[in-house]
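# need a 3D model of the following:
(2 chains)
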There are 2 protein chains.
Amino acid sequence: MLVVQKYGGTSVGGLDRIESVANRVIKAKDDNKDLVVVVSAMSGETNKLVGYADSFTSNASKREYDMLLSSGEQVTASLLAIALISKGYDSIAMSGKDAGILTDDNHTYARIESIDTTNMQKALDNNKIIVVAGFQGANANGDITTLGRGGSDLSAVAIAGALNADICEIYSDVDGIYTTDPRIEPHAKKLDSISYDEMLELSSLGAKVLQNRSVELAKKLGVKLYAKSSFSDDKGTLIQEESDNMEAVVVSGVVLDKNQARVTLRGVSDRPGIASEIFTSLADEGIVVDMIIQNVGTTDGLTNLGFTVPQNDFEKAKELMEHFDHDIHAIDFDFDVCKVSIVGVGMRSHSGVAATAFTQMAKDNINIEMISTSEIKISMIINDKYGELAIRELHKIYNLDK
Amino acid sequence: MLVVQKYGGTSVGGLDRIESVANRVIKAKDDNKDLVVVVSAMSGETNKLVGYADSFTSNASKREYDMLLSSGEQVTASLLAIALISKGYDSIAMSGKDAGILTDDNHTYARIESIDTTNMQKALDNNKIIVVAGFQGANANGDITTLGRGGSDLSAVAIAGALNADICEIYSDVDGIYTTDPRIEPHAKKLDSISYDEMLELSSLGAKVLQNRSVELAKKLGVKLYAKSSFSDDKGTLIQEESDNMEAVVVSGVVLDKNQARVTLRGVSDRPGIASEIFTSLADEGIVVDMIIQNVGTTDGLTNLGFTVPQNDFEKAKELMEHFDHDIHAIDFDFDVCKVSIVGVGMRSHSGVAATAFTQMAKDNINIEMISTSEIKISMIINDKYGELAIRELHKIYNLDK
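Predicted coordinates for the structure are as follows:
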């Protein structure tokens, strides 16, 4: 059985933590597993290096910046291999480049193009525990590249895919994916398993565990993920292709996003191209629009168009919309909103999930300002002050605490 | 004009120091020089990394140890290139491996076998300032190796040789080579130039500037060295093949070595093989013998054999010599000795240099216990307490303060 394990920054945050990771790796090895271990930089190290570069310029040469930052993971990988070897376990440390990770030229946010597994395969054939510096690769020119935020997870998933590993275990200081944020609802329960798509939709619940970019890659490569704490022996959450068993669960989780502000354009001319103009102008300013709602136009050729943006883009969005004055009757803004989402693959085959949510909101006298649904998600924009209440009520009504 | 500059740990010891190195490099570039800059790790960094590894084992896997340690220079090289680029100077950072430095497999103390200058030549053709991480290379397998103590100097000298550079400037916190240790003789003068051989013989004076290994390589490759402080604009010392001009100077420097202990074996059987047995037994214990003096045997077939060892090997050497009991009449030890050496290529063509020294010692009532001479050096073992006096007197008598 081939297992890829990935340990994040806090999991290797000090020499004692690296020691404890070594013991965890050894336990798996003693269990007859073949192992590739991907490590992040010791927590704080990357920030320290970024600070160094920032002291010279806020716009560092990206090639050299990557060479600088990649040293952090190189240190951890070397140390973990040293620790394993000192405990009598044959091991080899590899940089991303050594591990054959070929990326494009996009320094500081490179995309993995392919993995030449020759070196890793040879080491595995020799029964060595491979320790790979995460977050990095090299472009065709041989220059070191880094993969951007969450890059070590990407390294791990890509390696698991390339080596056809049985599972990719992601260790962090979070012990799995919960039905909702336990700070809002103390009865939140850890999920045993969840599908890739649900994980993607619940991203804010899993953000500290796995970024969407890695989940998407795992889905694409069919890599089973297992999110688990490196600070305990508790079971974690398995993230995989949805199974029949999963569909029995209608709703997997409910999630609150407070970083939302609503813009509604009333009486928009129903002429072709107006929506395009509006969203192009927002995109040009780098504003990431989340929900977009448009109803069919009324008989007077006018329509209402609503969307949400992150709160710190609110003022800019407001200003931009005022340029569309002549095409719009009225603009209606609401900063004090939040988004409540219900996620679950089971919704596909179960009707009534949405109705349950709307009924509950009505019972609680919570006005729903916007609704958007996808195959496995229902999102509602409501007044900010009801966010936590809505999450607790929905958690209960869908029996997520059971 | 192609210049290789090397900056040691204290010269790049902090971000402000790296900034100041960048300005120094830029000044040379503005002066129309092509530049390859070799950097050490920021002072303290290598020790920090060594401490990390030591926390796991005192016997770390050498391959991983090299990967770990090499990150220190990688950081400095990236940062200096970032600083240069941010100031508008095109620059490229390279690891030792990127720079084409091929070494043998001897991890932690690798020997440079060859340098493939393709990458560096290309960068120079594009008018880029190359910044190379010192102290490191890669073996034929592509694994990172390190070059041992003083490794960054070796990198610089080897690169200067491979690129046929006009000069290799070694920057440190010491501003050149002096006629003697200024702490002993305040009138010590900085030398404008010195030959490789003199530098090698004066190694203890230059130890903080350049290790013998680098001087030997420079001599072999015909690389002109210029030792200079990075903390001032004072002139430094040029180290090169001896020139006619140099020979005008009879004595270049006088040097004191306090780390000496003398062993004299009296009445040693003058049979073949006895010296070999004695020095083999010392070598087997890892004792590095410095001076060895043997006179021709007397008519009774006995000879006296004297040698010196570092003081911390004295007890072990004493013990070993007692095993030769049956071959030796008496053993005479002296811990309280020091070695005073007079160095100068001019000695070759000037008689009387030795006589001057012996006369001065006699005038000062200093007894000379042992004498050893080479083409460009006269060394005397004298009582420890007269060491500093002897240095001052010799410095004066050879007019080194002029």
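
# rest of the way, CA atoms for contacts and neighbours
OK.

# for chain A, give me the ranges with low pLDDT.
A:206-207, A:244-248, A:297-299 (pLDDT under 70).

# around chain B, pick out the residues from it.
Taking C-alpha under 8 Å from any C-alpha of the partner chain as the criterion, chain A approaches chain B at residues A:15, A:19, A:52-53, A:55-57, A:59-61, A:64-65, A:67-68, A:71-72, A:74-75, A:78-79, A:81-83, A:85-86, A:92-93.

# so which of those sit within helices?
A:15, A:19, A:52-53, A:55-56, A:64-65, A:67-68, A:71-72, A:74-75, A:78-79, A:81-83, A:85-86 (DSSP state H).

# just the buried ones from these?
A:15, A:19, A:52-53, A:56, A:64-65, A:67-68, A:71-72, A:74-75, A:78-79, A:81-83, A:85-86 (16 or more other C-alpha atoms under 10 Å in any protein chain shown).

# quickly list what residue A:239 is bridged to.
residue A:194, residue A:225 (DSSP bridges).

# list the residues that contact it.
Residue A:239 makes contacts with A:193-196, A:199, A:224-227, as judged by C-alpha atoms under 8 Å, 6 or more residues apart in numbering or on different chains.

# please redo it, this time with the cut-off set to 6 Å
A:193-196, A:225 (C-alpha atoms under 6 Å, 6 or more residues apart in numbering or on different chains).

# how near is it to chain B?
Going from residue A:239 to chain B by C-alpha to the nearest C-alpha, to the nearest Å gives 33 Å.

# in a helix, residue A:36, correct?
No - secondary structure of residue A:36 (DSSP: H, G, I helix; E, B strand; the rest coil): strand, not part of a helix.

# how many residues are close by it?
Neighbour count of residue A:36, defined by other C-alpha atoms under 10 Å in any protein chain shown: 29.

# check the gap between it and residue B:165 for me.
44 Å (C-alpha to C-alpha, to the nearest Å).

# with residue A:67 instead?
From residue A:67 across to residue B:165, the span is 26 Å (C-alpha to C-alpha).

# same check, this time on residue A:343
66 Å.

# likewise for residue A:14?
44 Å.

# which of residue A:343 and residue B:165 has more neighbours?
residue A:343 (26 against 19).

# pull the number of nearby residues for the residue nearest to the more buried one when sequence neighbours are not counted.
Distances taken as C-alpha to C-alpha, 6 or more residues apart in numbering or on different chains put residue A:377 closest to residue A:343, at 4.5 Å, once the chain neighbours are dropped. By the criterion of other C-alpha under 10 Å, residue A:377 has 23 neighbours.

# distance check, residue A:377 against residue A:339.
12 Å.

# try residue A:290
10 Å.

# so which of these two has more stuff around it?
residue A:339 (25 against 12).

# and the helices in chain A?
Under DSSP H, chain A gives helices at A:15-30, A:45-56, A:62-86, A:118-125, A:151-162, A:196-201, A:203-206, A:212-221, A:244-247, A:274-284, A:314-321, A:353-363, A:387-397.

# run a quick neighbour tally on the residue nearest to residue A:50 when sequence neighbours are not counted.
Counting by C-alpha to C-alpha, 6+ apart, residue A:69 is the residue found nearest to residue A:50 once chain neighbours are left out, at 7.3 Å. By the measure other C-alpha under 10 Å, the count of residues near residue A:69 is 27.

# burial check on the residue in the stretch 201-350 of chain A that chain B sits nearest to, number of neighbours?
Taking C-alpha to the nearest C-alpha, chain B has its nearest neighbour within the stretch 201-350 of chain A at residue A:230, 19.5 Å off. For residue A:230, the neighbour count with other C-alpha under 10 Å is 23.

# that one against residue A:174, yeah?
No - under the criterion of C-alpha atoms under 6 Å, residue A:230 makes no contact with residue A:174, lying 8.2 Å away.

# out of the helices of chain A, which comes closest to residue B:370?
Nearest of the helices of chain A to residue B:370, taken as C-alpha to C-alpha: helix A:62-86 at 48.3 Å.

# what sits up against that closest one?
So helix A:62-86 is contacted by A:22, A:40-41, A:91-93, A:107, A:131-133, A:144-146, B:56, B:60-61, B:64, B:68, B:71, B:75, B:78 (C-alpha under 6 Å, 6+ apart).

# what comes into contact with stretch A:201-208?
For stretch A:201-208, using C-alpha under 6 Å, 6+ apart, the contacting residues are residue A:177.

# can you check stretch A:124-140 too?
With C-alpha under 6 Å, 6+ apart as the criterion, stretch A:124-140 contacts A:35-40, A:73-74, A:77, A:90-97, A:101-105, A:144-147, A:151-152, A:155.

# end to end, how far does that stretch reach?
Span of stretch A:124-140 from end to end, C-alpha to C-alpha: 25 Å.

# in that stretch, what counts as buried?
Residues of stretch A:124-140 classed as buried under the neighbour-count rule (16+ other C-alpha under 10 Å) are A:124, A:127-139.

# and the furthest pair within these?
A:127 and A:139 (28.5 Å).

# who's sitting farthest from the centroid in chain A?
residue A:300 (43.2 Å; C-alpha atoms, centre = their mean).

# picking up where we left off before, want to try a markdown table for the helices of chain A, with distance to residue B:397 as columns?
Putting these into a markdown table (distance: least, C-alpha to C-alpha, whole Å) gives the following:
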| stretch | distance to residue B:397 |
| --- | --- |
| helix A:15-30 | 58 |
| helix A:45-56 | 52 |
| helix A:62-86 | 54 |
| helix A:118-125 | 65 |
| helix A:151-162 | 68 |
| helix A:196-201 | 85 |
| helix A:203-206 | 80 |
| helix A:212-221 | 76 |
| helix A:244-247 | 95 |
| helix A:274-284 | 81 |
| helix A:314-321 | 83 |
| helix A:353-363 | 102 |
| helix A:387-397 | 91 |
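
# so which of these is nearest residue B:399?
helix A:45-56 (48.5 Å).

# okay, the angle between the closest one and helix B:15-30?
50 degrees (axes from the mean of the first three to the mean of the last three C-alpha atoms, to 10 degrees).

# quick one: helix A:45-56 to helix A:62-86, angle?
150 degrees.

# touching helix A:45-56 from outside, list them.
By C-alpha under 6 Å, 6+ apart, helix A:45-56 touches residue B:83.
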